[in-house]
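S.K.: Have a look at this prediction, sequence included:
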Amino acid sequence: MGGVIKPRTPGNVTDGGSPVNRTGSSWSDTVYGGSDSLTSLKAVLSGILHFLSPLLGFEALLLLLRDTDRRLVRLYAVESSVSGIHTMEPLATENDELSALTFEKQQAVTIPDVEHEVRFPSAVSRAKLFGIRSISLAPFRTASGLVGTLGFGSLSRREFSQDDVEMLQRVANGLAPLIEAARLQELARHRESRALRERDQLSVLLEINNLIISYRTPGELITAVSSTLRRWYHHSYTGLWVLTDKSKLRCIGLDFPDGRGLIENITPELDLQQMEKENLLRPHVNSLESIRALPVEVSQSLLEEGITNQVVIPLRTRHRFLGFLSLGSMQQDCFREEDLPLLAQIGGQIALATENALVFQELSQAHEQLKSEKLYLESELYADQNFAEIVGQSQAIKSVLEQVAVVAKSGATVLLLGETGTGKELIARAIHNMSERKGQTFVRLNCAAIPSGLVESELFGHEKGAFTGALTQKIGRFELAHKGTLLLDEVGDIPLELQIKLLRTLQEREFERLGSTRTIKVDVRVVAATNRDLSELIRNGQFREDLFYRLNVFPIRIPPLRERREDIPLLIKHFVALFSRRMRKDIRSIPSETLAKLTRMPWPGNIRELQNVIERAVILTEGETLRAMLPEPETAAPPKKPAPAAPVSKLEDIERTALLEALRRARGRISGPGGAAALLGLKRTTFHSKMHRFNIERSDIWRD
């Protein structure tokens, strides 16, 4: 098809090559709809194609513009009234010979038939994609420097004469200013849209920054941040996972209104070095396929919750890697790569807030622990300490102190064995004070003085609402004794069902509070004490054998007072001086007869009983000489036969006789005021233990 292109409808070309249609209106009226306002480049090209196609006999219009980097040519539009091709996506083309001719040399190029064209293989392949058979390319250049090429294509083979080429070149030159105006306006709209988007992003960042200032806890912060971001993305959940140790993640904040609670329980193990190699420690979007490729413990929970699209933002500060901020959606196209810059900035803000929140939480916990320690130590100041220091020069007490000196610095668990009132707590304090932990807290717990249902709470603490009456969080004795020493007095009275948890804590050095799943690690030295026969308790199924072996690392037997009678005068003088100062009395002498009688007494209550007798004597004394109200001969329960030098067997006979005499005076009643236990200054449980030890039955008190 040669010669000059014939218009398919009446019309001519005027105004320097600007076509005018049959109605007398110019092509610019058609392109812009008769309005002076500019429209998009796509609309301009559509108007040009619609107006010129019937005049010049072509079906496709192509616009190529030199890219700003001056190296690539981008195909900005392809319009066809026949095939319906309509795209505005920039497509990179090679800087080949065709580009050199049209852009550098400004030469028109015609391709009558792409099937037989061998000069421009890249252009030919591109034309075939759009169904174009022949094409004429007319380069243009505007006064402002815009360089481009306008292509007129046909879906059939066509020969282009020199007149055709010149006509199309004039058309291209005439359209160039309008194309440039449309392109500039579209560029302005793009910049305006980008400016508005940046403004909105800054608004979001400012709002999130205000939220960070307003909320201290990670859970509240994540809920507020998620509510703000949901206006942008309409996502399903926002979660914050932090490292609890070197490799394990734990969720500390989650906003998932429609969730079933599966995601919150995700606690994956991380290999940070491997993730660094795989470039996963950067902001990234996970598609449905990527989610399926995650570790099964993570992917299963996400998929069961219906999450098909996810964005993960690593949280870093100058000091450390904290964890991840994760947003997920049930819509597969909710998050895209272009969302990452904004979310990365938000992640930076949340990283700082999270670090501050974690530090604040640590400081709060330390503050609460210090408050608890302060209250505990204040209560200890007013508690009955039994005696202020170890008094004695007997070989028995020296042997105990030698063992204390040996074991104190080792850090081993110590089991103190001895009757009630022998000073087990004082020995435990001596072990603590001679150890490397002496600068830390010494905490004690009398396991027999607490109801069995509350022993676990006292030992390990509880969370608010863990059980009825748990109105606040409570720190247990193990936490109070962190880095210090914990004395478990009367350890044989710990309930059997709690002994396994105590064993695990001693072995693993970790536990969970009541009502919590968070593991707390502690470094505590345990000193256990008991006046009961643990071997017998094991035989009766009342004490775990494995716990006994865990406690019985270094046993120390503390002798009763009857085995160290030479210390009794020293203890009497010590207590007289102590109580005299407290009561502001001036007691300067103790009758030798009183000392002798007190030394010969059996003292089943040991030092505690002696202390009580001396305190009562000081109260009754008015002058400078101690006035002691000693028990009557029958109360003292002297042995039926004189005992030479108080060997152990005879002393046990004395103690058994004292128990029987107390039962006789109390008419067989053990507990309560006036009971046998009260007469001897013993606890009811201790009295029962001694009866069992000496095989005493209540019927024995009526025998001669």
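M.R.: Structure's in. What do you need? Numbers count the residues shown, from 1 in each chain.

S.K.: switch to C-alpha atoms for all contacts and neighbour counts from now on
M.R.: Will do.

S.K.: Which other helices and strands does the host helix or strand of Gln369 contact?
M.R.: According to DSSP states H and E, Gln369 maps onto helix 340-382. Applying 3 or more Cα pairs under 8 Å, 6 or more residues apart in numbering; DSSP states H and E, we find helix 340-382 packed against helix 162-214, strand 309-316, strand 321-329, helix 477-480.

S.K.: Direction included, what does the third one pair against?
M.R.: Meaning strand 321-329. Applying DSSP bridges to the sheet, strand 321-329 is found paired with strand 237-243 (antiparallel), strand 309-316 (antiparallel).

S.K.: what about the last one, average pLDDT?
M.R.: The average of the pLDDT scores along strand 309-316 is 89.

S.K.: what's the answer for stretch 264-283, then?
M.R.: Rounded mean pLDDT across stretch 264-283 is 75.

S.K.: measure that stretch end to end?
M.R.: End-to-end distance of stretch 264-283 (Cα to Cα, to the nearest Å): 21 Å.

S.K.: Can you list the buried residues in that stretch?
M.R.: Neighbour counts over stretch 264-283 (16 or more other Cα atoms under 10 Å) mark Glu264, Ile266, Thr267, Pro268, Leu281, Arg282, Pro283 as buried.

S.K.: just stretch 110-125 next, same as before
M.R.: In stretch 110-125, counting by 16+ other Cα under 10 Å, buried: Thr110, Ile111, Pro112, Asp113, Val114, Ala123, Val124.

S.K.: Show me where the stretch 501-650 of the chain has its helices.
M.R.: Secondary structure of the stretch 501-650 of the chain (DSSP state H, counting those that start in this stretch): helices at 534-539, 545-551, 568-582, 592-600, 606-620, 633-636, 648-665.

S.K.: so which of the ones you listed gets nearest Gln169?
M.R.: Nearest of the helices of the stretch 501-650 of the chain to Gln169, taken as Cα to Cα: helix 545-551 at 98.9 Å.

S.K.: can you tell me how far the nearest residue to Ala662 once chain neighbours are set aside sits from Ala666?
M.R.: Leaving aside its sequence neighbours, Ala662 sits nearest to Ala676 (Cα to Cα, 6 or more residues apart in numbering; 4.9 Å). Per Cα to Cα, Ala676 is found 5 Å from Ala666.

S.K.: circling back: between the helices and strands packed on helix 340-382, which gets nearest to Val522?
M.R.: Nearest of the helices and strands packed on helix 340-382 (Cα to Cα): helix 477-480, 6.7 Å.

S.K.: Going along the chain from the closest one, find the next helix or strand for me.
M.R.: strand 485-489.

S.K.: chain center to that next one, what's the gap?
M.R.: 31 Å (Cα atoms, centre = their mean, to the nearest Å).

S.K.: Pull the distance from the helix or strand that the helix holding Gln369 is followed by to the chain's centre.
M.R.: Next helix or strand after helix 340-382 toward the C-terminus (DSSP H and E): helix 395-408. Centroid separation for helix 395-408 versus its chain: 46 Å, with Cα atoms, centre = their mean.

S.K.: From the rest of the structure, what touches the helix or strand just after helix 395-408?
M.R.: Note on helix 395-408: by DSSP H and E, the next helix or strand toward the C-terminus is strand 414-417. The contact list for strand 414-417, computed with Cα atoms under 8 Å, 6 or more residues apart in numbering, reads 407, 424, 428, 526-532, 551-558.

S.K.: List the strands paired with strand 414-417, with their directions.
M.R.: strand 525-530 (parallel), strand 554-557 (parallel).
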